[in-house]
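Peer 1: The following block contains a protein sequence and its predicted model.
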Amino acid sequence: MTVETSGAAPVPMPTDPAASGKGGRPRLVVSKPVPKKSESKAQSKSEQVPNRTEMLERLLGFERDLRLVQSVRELRFFLANEVLQVSNARQAFILTTGRGLKGKVAIETVSNLSSIDKNAPALIFLESQFQEAIGAALVRPAGEMAQPHPFQLNLPPRGNGTESSKENAALLLVRDGRGRPFAALILVGSPKGFDAELTVLERIGEAVQHAWCALAPQSGRSVSNRGKKLLAWGGVLLFVMAMFIPVSLTALAPAEIVAKNAEIVAAPIEGVIERILVDENAFVVKGAPLMKYVDTELSANLKIAQQKWAVAAARLQTAQQNSFGTGEGRRDLVTAQAELELAREELTFAEVQFSKTIVTAPRDGTVIVERKSKWQGKPVSVGERVMEIADINSIEARIDLSVADAILIQNDARAQLFLDTNPLKAVEARVTSGSYKALPDDSDQLAFSLYSDVILENERRPRIGARGTAQVYGDKVSLGFYLFRRPLAAVRQWIGW
């Protein structure tokens with residue numbers, strides 16, 4: 001490993017035991033060249049300072065190449081090596097830290113070296129020197145932060161008993177958009193010092209700062225590893241504490257406004273409905289006709305029953321007249337009386353059946369029927385629901401709660417209805433009863449039917465048949481149980497534990 005010096009070939013690193021760390025590992029030592037006495041005067045005469053045109057071309061080329069850099073890692077290597085072409089420095093160091101350069105700095109890149117050992121004693125010695133220089137630069141006024149900061153760098157001893165020497169050095173701070181420094185560029189080794197090129201170095205510092213902030217805009221705002229760990233543990237702690245926040249266990253379920261205590265009008269006999277005699281949502285009084293059956297067969301049966309009764313009555317009269325004569329006539333009298341009783345029962349049954357061909361209203365109320373045209377000509381069986389007679393001022397909500405949310409089934413539970421007619425306004429409700437067994441709902445999904453009283457204050461009364469979504473509230477549980485109840489249930493069903 002070598003460290004390049006001003007105007008001279010790279011100086012080889014010492015490898016003697018005194019200059020080595022543990023395990024015989026060589027230490028990084030920045031040293032000055034020792035030119036021969038015969039060459040010192042000739043070198044000073046032959047050493048020429050580039051003219052302004054050449055320096056300007058180098059500076060413009062440096063800035064052009066700087067704009068082609070694609071990453072911060074590439075930027076560090078570019079600065080550590082290419083900055084030597086536009087300055088009189090022999091060595092360049094790139095330093096970074098995560099706490100605005102107020103904490104411990106670390107050397108990231110060194111010119112002419114592809115990699116470094118951060119535990120090398122020489123680097124540790126130089127980091128302490130750079131830390132002092134950065135501390136002195138930070139106490140300057142804010143207006144001078146962009147200017148280079150020249151200082152004297154104490155070089156580490158070479159390990160052969162010689163004392164440490166000094167080198168001219170200059171510090172350039174790299175700041176973020178808020179003006180806070182987060183990195184530094186240190187140039188070392190100009191024989192004549194850096195006072196004559198402060199303007200050029202300031203220009204270099206501005207270009208480096210712009211490129212670094214463009215490639216890593218957040219680099220100046222990063223926090224230390226300890227701060228990241230504290231934030232991470234703080235976040236975990238807050239998350240765990242939040243899991244114990246008490247919340248109400250809730251579930252969403254489809255809901256419908258239905259009539260409360262409605263009278264169901266079912267088919268009294270088996271037959272075919274001829275027509276519905278009332279309009280939908282019409283108000284009717286008790287005894288008003290609601291629907292009519294096709295009575296062709298029943299009317300014929302009634303007439304046949306009437307004829308049978310007339311025939312049986314005539315036979316009985318004949319048998320009564322013949323009973324005064326022979327014994328056979330008295331026997332026919334008993335048979336005729338039985339046939340008359342049978343005919344009378346058949347006539348009564350036919351009359352009752354025929355009377356049911358017109359269905360009347362069992363009470364006063366509003367007719368709730370699903371499309372009149374649907375029932376015309378439709379055969380129905382005994383007990384099949386056709387319509388309802390309800391009081392439109394007495395309503396309740398039917399909530400179809402899924403089986404997975406059966407934990408919420410309890411009387412007097414609070415619920416909120418969000419009807420499709422007014423989804424932004426919640427209607428309060430209170431559960432009064434629920435089905436014991438889950439039954440298929442309209443979508444063929446097993447669900448428990450909960451019936452709730454609708455609590456109206458100043459709201460408009462919902463229309464019967466209005467649908468929406470109900471939010472049913474249960475007991476207070478922890479937020480963790482609320483969030484992970486379903487996943488835990490699914491896991492237990494899957495693993496069988």
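Peer 2: All right, it came through fine. Note that the structure is predicted; figures quoted are calculated from it, not measured.

Peer 1: all strands of the stretch 251-400 of the chain, in order?
Peer 2: Using DSSP state E, counting those that start in this stretch, the strands of the stretch 251-400 of the chain run over 263-266, 271-276, 283-284, 289-293, 358-360, 365-369, 379-380, 385-390, 395-402.

Peer 1: wait, which of these is closest to I134?
Peer 2: Proximity to I134 (Cβ to Cβ) singles out strand 395-402 among these, at 65.4 Å. For the C-beta atoms, the positions are set from N, CA and C on the backbone; glycine is no exception.

Peer 1: Give the buried residues for that closest one.
Peer 2: Neighbour-count burial for strand 395-402 flags I395, E396, A397, R398, I399, D400, L401, S402 (criterion: 16 or more other Cβ atoms under 10 Å).

Peer 1: Output the contacting helices and strands for that strand.
Peer 2: Applying 3 or more Cβ pairs under 8 Å, 6 or more residues apart in numbering; DSSP states H and E, we find strand 395-402 packed against strand 246-259, strand 414-419, strand 427-434, strand 446-455, strand 467-478.

Peer 1: what packs against the strand or helix carrying G135?
Peer 2: Element membership for G135 (DSSP states H and E) is helix 121-138. The contact analysis (3+ Cβ pairs under 8 Å, 6+ apart) places helix 121-138 against strand 91-96, strand 106-110, strand 149-154, strand 166-175, strand 181-188.

Peer 1: I'd like these laid out as TSV, including distance to I273 and mean pLDDT.
Peer 2: Conversion of the helices and strands packed on helix 121-138 to TSV gives the following (distance: least, Cβ to Cβ, whole Å; pLDDT from 0 to 100):
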stretch	distance to I273	mean pLDDT
strand 91-96	89	88
strand 106-110	91	88
strand 149-154	102	86
strand 166-175	89	86
strand 181-188	86	87
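
Peer 1: Now that we have those strands, can you turn them into JSON lines and tack on mean neighbour count and distance to Q376?
Peer 2: Converted to JSON lines, the helices and strands packed on helix 121-138 look like this (neighbours: other Cβ atoms under 10 Å; distance: least, Cβ to Cβ, whole Å):
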{"stretch": "strand 91-96", "mean neighbour count": "23", "distance to Q376": "87"}
{"stretch": "strand 106-110", "mean neighbour count": "20", "distance to Q376": "89"}
{"stretch": "strand 149-154", "mean neighbour count": "18", "distance to Q376": "100"}
{"stretch": "strand 166-175", "mean neighbour count": "22", "distance to Q376": "87"}
{"stretch": "strand 181-188", "mean neighbour count": "24", "distance to Q376": "85"}
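
Peer 1: Out of the ones you listed, flag the one nearest I257.
Peer 2: strand 181-188 (64.3 Å).

Peer 1: one step back: output the helices and strands packed on helix 121-138 as a markdown table; include the columns distance to P121.
Peer 2: Converted to a markdown table, those look like this (distance: least, Cβ to Cβ, whole Å):
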| stretch | distance to P121 |
| --- | --- |
| strand 91-96 | 16 |
| strand 106-110 | 13 |
| strand 149-154 | 14 |
| strand 166-175 | 18 |
| strand 181-188 | 18 |
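
Peer 1: Need the winner for burial among the strands of the stretch 251-400 of the chain.
Peer 2: Each of the strands of the stretch 251-400 of the chain was assessed for mean neighbour count using mean count of other Cβ atoms under 10 Å. The highest is strand 395-402, with a mean of 22.

Peer 1: Tell me how far it lies from the chain's centre.
Peer 2: For strand 395-402, the separation from the chain centroid amounts to 29 Å (computed by Cα atoms, centre = their mean, to the nearest Å).

Peer 1: May I have the strands that pair with that strand, each with its orientation?
Peer 2: Here strand 395-402 has these sheet partners by DSSP bridges: strand 246-259 (antiparallel), strand 446-455 (antiparallel).

Peer 1: coming back round to it: just send the helices and strands packed on strand 395-402 back as TSV, with distance to I116, mean neighbour count and mean pLDDT too.
Peer 2: Below are the helices and strands packed on strand 395-402 laid out as TSV (distance: least, Cβ to Cβ, whole Å; neighbours: other Cβ atoms under 10 Å; pLDDT from 0 to 100):
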stretch	distance to I116	mean neighbour count	mean pLDDT
strand 246-259	55	18	88
strand 414-419	66	20	90
strand 427-434	71	18	88
strand 446-455	70	19	88
strand 467-478	52	17	88
